[in-house]
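Asks: just coords:
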(Lines give C-alpha, C1' and ligand atoms only; values in the text may rest on other atoms or scores of the structure.)
Protein backbone atom coordinates (compact mmCIF):
# COMPACT_ATOMS: atom_id res chain seq x y z
CA UNK A 1 0.00 0.00 0.00
CA UNK A 2 1.33 3.44 -0.91
CA UNK A 3 -0.16 6.52 0.70
CA UNK A 4 0.05 10.17 -0.22
CA UNK A 5 -1.30 13.12 1.72
CA UNK A 6 -1.83 16.51 0.10
CA UNK A 7 -2.71 19.83 1.66
CA UNK A 8 -2.11 23.48 0.86
CA UNK A 9 0.43 25.31 2.98
CA UNK A 10 2.74 24.39 5.80
CA UNK A 11 1.66 23.75 9.36
CA UNK A 12 2.56 26.89 11.30
CA UNK A 13 1.95 25.81 14.89
CA UNK A 14 5.12 24.08 16.11
CA UNK A 15 3.19 21.84 18.53
CA UNK A 16 0.83 20.64 15.81
CA UNK A 17 3.78 20.23 13.44
CA UNK A 18 5.50 18.06 16.06
CA UNK A 19 2.47 15.76 16.28
CA UNK A 20 2.20 15.68 12.51
CA UNK A 21 5.84 14.62 12.17
CA UNK A 22 5.43 12.07 14.98
CA UNK A 23 2.56 10.26 13.23
CA UNK A 24 4.10 10.55 9.77
CA UNK A 25 7.27 8.85 11.03
CA UNK A 26 5.21 6.04 12.58
CA UNK A 27 3.16 5.58 9.41
CA UNK A 28 6.33 5.33 7.33
CA UNK A 29 7.58 2.53 9.57
CA UNK A 30 4.55 0.51 8.42
CA UNK A 31 3.82 1.71 4.88
CA UNK A 32 5.29 4.22 2.46
CA UNK A 33 3.60 7.57 2.94
CA UNK A 34 4.47 10.78 1.14
CA UNK A 35 3.38 14.15 2.49
CA UNK A 36 3.11 16.99 -0.02
CA UNK A 37 2.44 20.55 1.06
CA UNK A 38 1.26 22.56 -1.94
CA UNK A 39 0.88 26.28 -2.53
CA UNK A 40 -1.32 28.07 -0.05
CA UNK A 41 -3.09 31.15 -1.37
CA UNK A 42 -3.28 34.29 0.72
CA UNK A 43 -5.96 36.91 0.86
CA UNK A 44 -9.01 38.11 2.70
CA UNK A 45 -11.44 35.21 2.66
CA UNK A 46 -14.54 37.37 2.24
CA UNK A 47 -13.12 39.08 -0.86
CA UNK A 48 -11.05 36.35 -2.51
CA UNK A 49 -12.64 32.99 -1.61
CA UNK A 50 -13.03 31.87 -5.23
CA UNK A 51 -9.49 32.95 -6.16
CA UNK A 52 -7.94 31.33 -3.09
CA UNK A 53 -9.71 28.01 -3.69
CA UNK A 54 -8.74 28.07 -7.38
CA UNK A 55 -5.03 28.64 -6.66
CA UNK A 56 -5.00 25.90 -4.02
CA UNK A 57 -6.86 23.49 -6.33
CA UNK A 58 -4.25 24.01 -9.06
CA UNK A 59 -1.52 23.13 -6.59
CA UNK A 60 -3.29 19.99 -5.39
CA UNK A 61 -4.52 18.45 -8.63
CA UNK A 62 -1.13 18.28 -10.31
CA UNK A 63 -0.24 15.50 -7.84
CA UNK A 64 -3.31 13.31 -8.49
CA UNK A 65 -2.10 11.13 -11.37
CA UNK A 66 -4.03 7.82 -11.35
CA UNK A 67 -4.48 7.85 -7.59
CA UNK A 68 -7.48 6.72 -5.58
CA UNK A 69 -8.53 10.09 -4.16
CA UNK A 70 -10.08 10.46 -0.73
CA UNK A 71 -11.17 14.02 0.01
CA UNK A 72 -11.83 15.10 3.55
CA UNK A 73 -15.24 16.70 3.36
CA UNK A 74 -17.86 17.65 5.93
CA UNK A 75 -20.52 15.71 4.00
CA UNK A 76 -18.31 12.63 3.71
CA UNK A 77 -18.81 9.25 5.34
CA UNK A 78 -18.03 8.98 9.02
CA UNK A 79 -16.36 5.74 10.08
CA UNK A 80 -14.91 4.18 13.16
CA UNK A 81 -11.23 3.21 13.10
CA UNK A 82 -11.90 -0.44 12.22
CA UNK A 83 -14.16 0.53 9.30
CA UNK A 84 -11.51 2.96 8.08
CA UNK A 85 -8.88 0.21 8.24
CA UNK A 86 -11.12 -2.10 6.22
CA UNK A 87 -11.64 0.65 3.63
CA UNK A 88 -7.89 1.15 3.23
CA UNK A 89 -7.33 -2.58 2.88
CA UNK A 90 -10.13 -2.92 0.33
CA UNK A 91 -8.75 -0.07 -1.78
CA UNK A 92 -5.18 -1.39 -1.62
CA UNK A 93 -6.28 -4.90 -2.64
CA UNK A 94 -8.49 -3.74 -5.49
CA UNK A 95 -6.07 -1.34 -7.10
CA UNK A 96 -2.36 -0.75 -7.59
CA UNK A 97 -3.00 2.96 -7.39
CA UNK A 98 -1.72 5.20 -4.65
CA UNK A 99 -4.27 6.15 -2.00
CA UNK A 100 -4.21 9.94 -1.86
CA UNK A 101 -5.83 11.91 0.95
CA UNK A 102 -6.68 15.53 0.20
CA UNK A 103 -7.17 18.02 3.03
CA UNK A 104 -8.38 21.48 2.11
CA UNK A 105 -7.05 24.77 3.36
CA UNK A 106 -8.92 27.07 5.70
CA UNK A 107 -11.66 27.62 3.08
CA UNK A 108 -12.02 23.95 2.16
CA UNK A 109 -11.74 22.39 -1.29
CA UNK A 110 -12.82 23.78 -4.64
CA UNK A 111 -15.68 21.99 -6.39
CA UNK A 112 -13.45 20.65 -9.19
CA UNK A 113 -11.29 18.85 -6.61
CA UNK A 114 -14.36 17.32 -5.01
CA UNK A 115 -15.52 16.07 -8.44
CA UNK A 116 -12.28 14.09 -8.80
CA UNK A 117 -12.74 12.28 -5.50
CA UNK A 118 -13.33 8.54 -5.40
CA UNK A 119 -14.44 8.74 -1.77
CA UNK A 120 -15.46 11.44 0.70
CA UNK A 121 -14.37 11.03 4.31
CA UNK A 122 -15.55 13.00 7.31
CA UNK A 123 -13.49 12.74 10.48
CA UNK A 124 -16.33 14.06 12.64
CA UNK A 125 -19.53 16.06 12.62
CA UNK A 126 -17.53 18.67 14.50
CA UNK A 127 -15.46 21.28 12.71
CA UNK A 128 -11.70 21.30 13.30
CA UNK A 129 -9.07 23.76 12.14
CA UNK A 130 -7.39 22.60 8.93
CA UNK A 131 -4.10 22.19 10.83
CA UNK A 132 -5.66 20.04 13.56
CA UNK A 133 -7.49 18.02 10.91
CA UNK A 134 -4.10 17.06 9.49
CA UNK A 135 -3.00 15.53 12.80
CA UNK A 136 -6.30 13.71 13.30
CA UNK A 137 -6.06 12.22 9.80
CA UNK A 138 -2.47 11.10 10.32
CA UNK A 139 -3.32 9.53 13.68
CA UNK A 140 -6.25 7.63 12.15
CA UNK A 141 -4.13 6.40 9.24
CA UNK A 142 -1.52 5.15 11.70
CA UNK A 143 -4.20 3.52 13.88
CA UNK A 144 -5.72 1.82 10.83
CA UNK A 145 -2.37 0.45 9.72
CA UNK A 146 -1.75 -1.02 13.18
CA UNK A 147 -5.19 -2.65 13.00
CA UNK A 148 -4.41 -4.14 9.58
CA UNK A 149 -1.05 -5.45 10.76
CA UNK A 150 -2.48 -6.92 13.98
CA UNK A 151 -0.35 -4.65 16.14
CA UNK A 152 -1.32 -3.34 19.54
CA UNK A 153 -1.83 0.42 19.32
CA UNK A 154 -1.95 1.46 22.96
CA UNK A 155 -0.99 -0.34 26.13
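Replies: Perfect, I can see it now. Since the structure is predicted, the reported quantities are computational estimates derived from the model, not experimental observations. Residues are numbered from 1 along each chain as shown.
Asks: any idea how far the residue most central in space within the chain lies from residue 60?
Replies: Most central in the chain under C-alpha atoms, centre = their mean is residue 101, positioned 3.6 Å from the mean C-alpha point. Distance of residue 101 to residue 60, computed by C-beta to C-beta, to the nearest Å: 11 Å. Quick note: C-beta positions are derived from backbone N, CA and C, even for glycine.
Asks: and for these two, which residues touch both?
Replies: Both residue 101 and residue 60 are in contact with residue 6, where contact means C-beta atoms under 8 Å, 6 or more residues apart in numbering.
Asks: mind listing the strands the longest strand seen in the chain pairs with, and their directions?
Replies: Ranked by residue count and defined by DSSP state E, the top strand of the chain is strand 68-78. Neighbouring strands of strand 68-78 in its sheet, by DSSP bridges, are strand 99-102 (parallel), strand 119-122 (parallel).
Asks: hmm, residue 33 and residue 3 touching each other?
Replies: Yes - counting by C-beta atoms under 8 Å, residue 3 does reach residue 33; the two are 4.2 Å apart.
Asks: so what sits against both of these two?
Replies: 27, 141.
Asks: which strands and helices sit next to the lowest-mean-pLDDT helix or strand in the chain?
Replies: Lowest on mean pLDDT, DSSP states H and E among the helices and strands of the chain sits helix 45-61, with a mean of 85. When contacts are defined as 3 or more C-beta pairs under 8 Å, 6 or more residues apart in numbering; DSSP states H and E, helix 45-61 packs onto strand 2-8, strand 32-38, helix 111-115.
Asks: most neighbours per residue, which of those?
Replies: Mean neighbour count (mean count of other C-beta atoms under 10 Å) peaks for strand 2-8 among the helices and strands packed on helix 45-61, with a mean of 22.
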